[in-house]
Structures are given as C-alpha cells and as structure tokens.
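J.: okay, here's the prediction I keep looking at, along with the sequence it came from:
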Amino acid sequence: MSGAWVGVLSAVWWTISAAHFFPGALLLTLAARFASPRRLDPFVRVFVRNVVRLAGARLRVVRDPAFDERRVAFFVSNHVNIFDPFVVHSAIPQFTRGLELESHFDVPVYGWLMRAVGNVAVPDRTTPSSVRTLHARCRAAIEGGMSLIVFAEGTRTRSGAVGPFRPGAFRMAREFRVPVVPVSVVGAYEWKRVGDWRLRSSVITVHVHAPVEVREEDDPREVAERVRAIVARPVDDARQRAG
C-alpha cells in the first residue's frame, strides 16, 4: 500500500474514531455523576472497543484456560501506543481500571473520562509519601473488587520489543496477596507506533495468560523478569515471523 493511501486512510480513521470518542467520552463523564463505575462498566467496555475498531484495528482475544475471570488481579501488559488502555480493557472480562498519572486527569475530555470512570491516580512525582499514597489507593481498589491494569515498562516501546518491567506492581501484588496476570498485546506496533501519526489496518491479538502467584518470599524483581518473559514471548514470536 502506497504511503499516500496510508495517509488518506489514517486521516479517515482518526476522524471517525475521534467523532465517536469525544461525544461518547462526554456522555459517559456525565453519566458517571449518576452511576457508579461498576454500573457504568458495560457501557465503557463497548465504548472503548469501538474506539479501537473505528481506528482501523480488529481485536482478537486468546485467554489461557487457567485464567480465572472471578479473581481480582494485577493485569500487567506491554505498552505500545496510546490506544493500549482501550485494547487491554476490552480484552479482560471483569471489572478493571488502569493507573493514570494524576496530571492526566486535567486533560480535557480524556482526563475527565479517566477520572469519572474510576481510574487510580498516580502521583506525578515519586517521593516516599507519593509511593505510600499510590499503595493506599491501589489497596483500596483491590479490596473493593477492582482489578488493575499496569503497563510495567513505564513507557511505550520504540522498537516493538518488550522492555524491562519495573517492580512496583509486583511489590504491591505480593503485599496485597493477589496474582499477576500477564497480558501480551501483539500487532499494535504494526497498527500505530510512537512518532508516527499514521494508522495501518491490523489485527491485534491480546493474549491473557495464566495467573502468576506472588508468594510472600518472592523477590518482586525476579517476578517482574518472569512475567516480562511470558508477556514478551508472543510479541517476539510475531516479530520473528514478520522478519
């Protein structure tokens, strides 16, 4: 496909997806004044999946038979582009929310929606006090029956490969005694990558793996490496097949 045609299609997809996103986000933000995030979640799920679909991507989900959708967990995924929270949320069949920088809540429309639907605010500055605050917020979410989505690389990939995972989420999983569910997003880099505004028609496959139990005696850094290896395997296999 020529570069010019990719540009034309990208402009169309961005326009259609944005025309869905902005009115829908405002409507959901308003609805959140009258309904709890849990009550609103089925509508949020349809909304975010349509954001992805209207931007030119088809979503395929593969769940390990050992995955138990009834268990609260940390869902730890690779991070590719700005659509990742929508992609991962669409693939998990339970009540989940993400961690969002607190300053993002002030972004018009997007931030208003993230706050309204109950995402967990991450303090912008890392200090001992802010770490304690984040842990308290995550504990409250987990104890309230909310699973949390974490992009443990802390940044979006520039190459398509999965980067090192930070240990913070794994420390909390050990402390809160909840499992970690590795999630691999495959095909998103071919669809939309950092530094390139264009969208390319793609099939995104989300692998929801078997849970990893985090024991009290486990080193969070070792668990992070083990989970990263699970997440990276389907991503690396797809990159090798693509040559």
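T.: Alright, I've got the coordinates.

J.: and the closest residue to residue 109 other than its chain neighbours, how far from residue 197?
T.: Counting by C-beta to C-beta, 6 or more residues apart in numbering, residue 25 is the residue found nearest to residue 109 once chain neighbours are left out, at 5.1 Å. For glycine as for every other residue, the C-beta is placed from the backbone atoms N, C-alpha and C. Noted for residue 25: a distance of 20 Å to residue 197, by C-beta to C-beta, to the nearest Å.

J.: tell me, what residue is most central in the chain?
T.: Nearest to the geometric centre of the chain sits residue 85, at 3.3 Å (C-alpha atoms, centre = their mean).

J.: check contacts around that residue.
T.: Contacts of residue 85 were listed using C-beta atoms under 8 Å, 6 or more residues apart in numbering, and they are 48, 98, 149.

J.: could you redo the last one with a cut-off of 10 Å?
T.: For residue 85, the contacting residues are 48, 51, 77, 79, 96-100, 114, 119, 149, 151, by C-beta atoms under 10 Å, 6 or more residues apart in numbering.

J.: with residue 77 instead?
T.: 84-85, 87-88, 91-92, 98, 149-153, 162, 181-185, 206-208, 231.

J.: run a quick neighbour tally on the residue nearest to residue 109.
T.: Residues near residue 25, counting by other C-beta atoms under 10 Å, number 23.

J.: and it, how close does it get to residue 152?
T.: Distance from residue 25 to residue 152, by C-beta to C-beta: 26 Å.

J.: secondary structure class for the residue nearest to the centre of the chain?
T.: helix (DSSP: H, G, I helix; E, B strand; the rest coil).

J.: what does residue 58 give?
T.: Going by three-state DSSP, the secondary structure assigned to residue 58 is strand.

J.: likewise the one 4 residues further on?
T.: Following three-state DSSP, the label given to residue 62 is strand.
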